[in-house]
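Peer 1: compute the structure for the input listed below.
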Amino acid sequence: MIENKKIGVVILAAGASSRLGYPKQLVEFEGKKLLQKMIDLADDFSFDSKVLVLGANANEIKKEIDSKNFSIAINGEWNQGMSSSIIKGITSSEELEKLDHLLILLSDQPFVNREKIEQLIRLQIENKSEATFSEYEGDIGVPAIFSRSVFQKLKELKGDHGAKKLIYNDKIEFQTIKFEKGNFDVDTKEDVELLKQLEKK
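Peer 2: Next up, the predicted model:
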């Protein structure tokens, strides 16, 4: 329970990291693997449901991380795109029907921090929006939080599209918060090199 609301969290980490060539979930930053960093961060909140979605390389990743209080959901259709992982995460959330909101995180955004998550949650609750997205360089995306009224729409997503599709196809009401480093994620070897350079600063 957070601010008198029942909130669940889903971490999406099912991708194959095909451009990088090895699991980006296991890239190290600031002494931790990226996925472990996100698990530790999210586990520190009093979320009512905690789900980690794995898919490609699931066995290797499970050996390398401590999932703490997260239940692991395996997306066997991870190659169908991000929507399949969102659906797996939301349908695996405990007592979904009792949740007021659901927060979605990715494993490869190293600059997500506690302050950013608290801002998202606070804005979502205060303004009673259907969704609150992060905004970076004119685009929107995750981390993002959704109200219960949108859960069914999330379950109906298709293809390699994230929940952002809902604002175009379903015209859901939403708001955004600025997240300057939110567009940095780890997809390529060049991204890993840049991350290591940023770590040294």
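Peer 1: where does the prediction get shaky in the chain?
Peer 2: Under the criterion pLDDT under 70, the flagged ranges of the chain are 170, 200-201.
Peer 1: which residue ranges of it form helices?
Peer 2: For the chain, the helices defined by DSSP state H occupy 34-43, 58-64, 82-91, 114-127, 151-155, 165-169, 189-200.
Peer 1: mind putting the ones you listed into TSV with distance to Lys24 and mean neighbour count?
Peer 2: The way it works is simple: take the backbone N, C-alpha and C, and place the C-beta from them, glycine included. Below are the helices of the chain laid out as TSV (distance: least, CB to CB, whole Å; neighbours: other CB atoms under 10 Å):
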stretch	distance to Lys24	mean neighbour count
helix 34-43	7	21
helix 58-64	10	14
helix 82-91	14	22
helix 114-127	20	16
helix 151-155	24	16
helix 165-169	23	15
helix 189-200	8	13
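Peer 1: to Ala73, which of the ones you listed lies closest?
Peer 2: When the helices of the chain are compared by CB to CB, helix 82-91 sits nearest Ala73, at 5.2 Å.
Peer 1: what's the spacing between the residue positioned nearest the centre of the chain and Gln197?
Peer 2: Nearest residue to the geometric centre of the chain (CA atoms, centre = their mean): Leu105, 1.4 Å. Leu105 is 24 Å from Gln197, where distance means CB to CB, to the nearest Å.
Peer 1: first-to-last residue distance for stretch 59-74?
Peer 2: Chord length of stretch 59-74, first to last residue, is 10 Å (CA to CA, to the nearest Å).
Peer 1: okay, now the sheet partners of the lengthiest strand in the chain, with direction.
Peer 2: Assignment by DSSP state E gives strand 139-147 as the longest strand of the chain. Take DSSP bridges as the rule and strand 139-147 pairs in its sheet with strand 101-106 (antiparallel), strand 131-136 (antiparallel).
Peer 1: check the offset of the last one from the chain's centre.
Peer 2: Averaging C-alpha positions (CA atoms, centre = their mean, to the nearest Å) puts strand 131-136 12 Å from its chain's average.
Peer 1: now do the first one
Peer 2: Here the centre of strand 101-106 is set off from its chain's centre by 5 Å, with CA atoms, centre = their mean.
Peer 1: before we move on, the earlier item: CA-only coordinates of the longest strand of the chain in PDB, if you can.
Peer 2: Extracted as PDB, the C-alpha positions of strand 139-147 are listed here (Å, rounded to 0.1, in the frame of the first residue of the first chain):
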ATOM      1  CA  ASP A 139       8.900  11.100 -26.700                       C
ATOM      2  CA  ILE A 140       7.100   9.300 -24.000                       C
ATOM      3  CA  GLY A 141       7.600   5.900 -22.500                       C
ATOM      4  CA  VAL A 142       8.400   3.900 -19.400                       C
ATOM      5  CA  PRO A 143       8.600   4.100 -16.500                       C
ATOM      6  CA  ALA A 144       4.900   4.600 -16.600                       C
ATOM      7  CA  ILE A 145       2.000   3.900 -14.300                       C
ATOM      8  CA  PHE A 146      -1.600   3.000 -15.200                       C
ATOM      9  CA  SER A 147      -4.900   3.100 -13.400                       C
END
